[in-house]
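Chemist: sequence below, structure please.
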Amino acid sequence: MDSIDDCGVLRAGETSRVLGHRVLAPSTLGTFLRSFSFGHVRQLDRVLGESLGRAWSAGAGPGCARLVIDVDSFVCEVHGAHKQGAAYGYTHTLGYHPIIATRADTLETLHIRLRKGSANTQRGAKRFVDELAARVRRAGAVGEILLRADSGFWSYDTIGALERHKIRYSIGVTMQPHVRAAVDAIDEAAWRRLADYPATGVAEIAETLLGERRLIVRRTRLIGRQAALWPDWRHFAFITDRGDELAVVEREHRQHAVVELAIRDHKEGPLRHLPSGHYAANAAWCAISALAANLARWTSILGLAHVAPQATATLRRRMLVVPGRLVRHGRRITLRLPARWPWHTAWLECLSRLRGLPQLC
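Modeler: Here you go, the predicted model:
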């Protein structure tokens, strides 16, 4: 559901019996959201952290394995002149500018914070990292943590927070004059060609130092008939405190792009638009969106352990939007699914695994 009106679907059939309470009208939900304050949003944020810890203790967590976190921001477009906090940012689009942290292998939303549309990418990043580090440690991540981000989060305050929490990082940097000078000083013999690059271009990687930190640079150039478009090398650099082999670090940093899949799921779902004119109500909606997305992810991780991560829309269609009906017979309620439903076996297996999990109080 991506709007308050869509919640009216929950009032159909035996939903109230399944949920255990009476489902209120969508207009009542809007009134409820408008009553939220900043403190209530923080309480919802705590619920997100607690639910993360319970799911991870049930088997969805990384345990002692390495946890890779991707941090990014995105623009939620809105319409209307009465949205508190909505403004025009770097995309020249009216909206909000949330910051989000996701888990790379499962696309779980670890932390999310709504910000005004005019907020700079770095705004609140240091505090966001502090809260994120404490949350994943409390949830049970005891192994190494790697955080990846693009150049919008290049800040020595943020890097200092990561180093204080003993979190590894690889963060993109902008090609400022001192960065450009460090790149230009790299010897030509130090560049190594990447084999896994499209035939229409060529890419090479090298490394140097930016102050006392490791700077890894990838340069690309088109070849063939398209070469005239960009005849010169284009450089993309990031700093890291990792000591692994150059090609491994560079390849894993490029995989930061998977965060866009999680952002896509949010923007195609509840964050397609933010429903209220009140900022706190929209911030609460944002936190609830993260909870809903994680419930779908945990259904996949815990109930469909053998299946690769799927888009939230796919999970919703196959596992949640069930074309069945509840019937009452002999004082018993039975869920009847359609015949020859393609995901009948997978759905029952998933339900059996979830029902077999220990109750987490």
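Chemist: Gly140 is in contact with Gly53, correct?
Modeler: Yes. At 6.4 Å, Gly53 counts as touching Gly140 under the criterion of Cβ atoms under 8 Å. The way it works is simple: take the backbone N, C-alpha and C, and place the C-beta from them, glycine included.
Chemist: what about Gly211, neighbour count?
Modeler: Gly211 has 9 neighbouring residues, counting by other Cβ atoms under 10 Å.
Chemist: same check, this time on Leu291
Modeler: Count around Leu291 with other Cβ under 10 Å applied: 17.
Chemist: for it, which non-adjacent residue is closest in space?
Modeler: Counting by Cβ to Cβ, 6 or more residues apart in numbering, the nearest residue to Leu291 once its immediate chain neighbours are dropped is Leu48, at 5.7 Å.
Chemist: quick check: the one you found is in a helix.
Modeler: Yes. Counting by DSSP: H, G, I helix; E, B strand; the rest coil, Leu48 falls inside a helix.
Chemist: just checking, it touches Cys286?
Modeler: No. Leu48 is beyond contact range of Cys286, at 10.3 Å (criterion: Cβ under 8 Å).
Chemist: and these two? Which one has more around it.
Modeler: Taking neighbours as other Cβ under 10 Å, Leu48 and Cys286 compare with Cys286 leading, 24 against 18.
Chemist: nearest spatial neighbour of that one, skipping sequence neighbours?
Modeler: Nearest one to Cys286, counting by Cβ to Cβ, 6+ apart, is Leu114 at 4.5 Å.
Chemist: so Arg137 versus Lys166, what's the distance?
Modeler: Using Cβ to Cβ, to the nearest Å, one gets 10 Å for the distance from Arg137 to Lys166.
Chemist: the more surrounded of those two?
Modeler: Between Arg137 and Lys166, counted using other Cβ under 10 Å, the more crowded position is Arg137 (15 against 10).
Chemist: tell me which element that one falls in.
Modeler: helix 125-139 (DSSP states H and E).
Chemist: distance from the chain centre to the helix or strand following that helix, please.
Modeler: Downstream of helix 125-139, the first helix or strand assigned by DSSP H and E is strand 145-149. Here the centre of strand 145-149 is set off from its chain's centre by 13 Å, with Cα atoms, centre = their mean, to the nearest Å.
Chemist: same check on stretch 27-47?
Modeler: 21 Å.
Chemist: and it, end to end?
Modeler: 24 Å (Cα to Cα, to the nearest Å).
Chemist: check stretch 241-250 too.
Modeler: 12 Å.
Chemist: avg pLDDT for it?
Modeler: The average pLDDT for stretch 241-250 rounds to 94.
Chemist: before we move on, what about stretch 16-30?
Modeler: 77.
Chemist: tell me which residues are up against it.
Modeler: By Cβ atoms under 8 Å, 6 or more residues apart in numbering, the surrounding residues in contact with stretch 16-30 are 4-8, 10-11, 15, 32, 275-276, 326, 333.
Chemist: again, but for stretch 257-267
Modeler: 70-72, 74, 76, 100, 102, 104, 107, 109, 289-290, 293, 311-313.
Chemist: show me which pair in these is furthest apart.
Modeler: Across these, no pair lies farther apart than Val71 and Ala313, at 23.5 Å, counting by Cβ to Cβ.
Chemist: if we can go back for a sec, who touches both of Leu48 and Cys286?
Modeler: Ile112.
Chemist: and the strands in the chain?
Modeler: 67-73, 76-77, 87-88, 94-96, 99-103, 109-113, 145-149, 168-173, 192-193, 201-210, 213-222, 234-240, 325-329, 332-336 (DSSP state E).
Chemist: ok, back up a step: between Val71 and Ala313, which has more neighbouring residues?
Modeler: Val71 (25 against 14).
Chemist: for that one, give its distance to Ala189.
Modeler: 35 Å.
Chemist: cool, and Val217?
Modeler: Taking Cβ to Cβ, one finds Val217 at 14 Å from Ala189.
Chemist: which one of these two is surrounded by more residues?
Modeler: Val217 (24 against 7).
Chemist: so the more buried one touches Trp233, yeah?
Modeler: No. Val217 lies out of contact with Trp233 (Cβ under 8 Å); the separation is 9.9 Å.
Chemist: that older thread, tabulate the strands of the chain in CSV, adding columns for distance to Leu271.
Modeler: What follows is the strands of the chain, written out as CSV (distance: least, Cβ to Cβ, whole Å):
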stretch, distance to Leu271
strand 67-73, 13
strand 76-77, 5
strand 87-88, 17
strand 94-96, 9
strand 99-103, 10
strand 109-113, 9
strand 145-149, 20
strand 168-173, 24
strand 192-193, 40
strand 201-210, 34
strand 213-222, 31
strand 234-240, 28
strand 325-329, 31
strand 332-336, 30
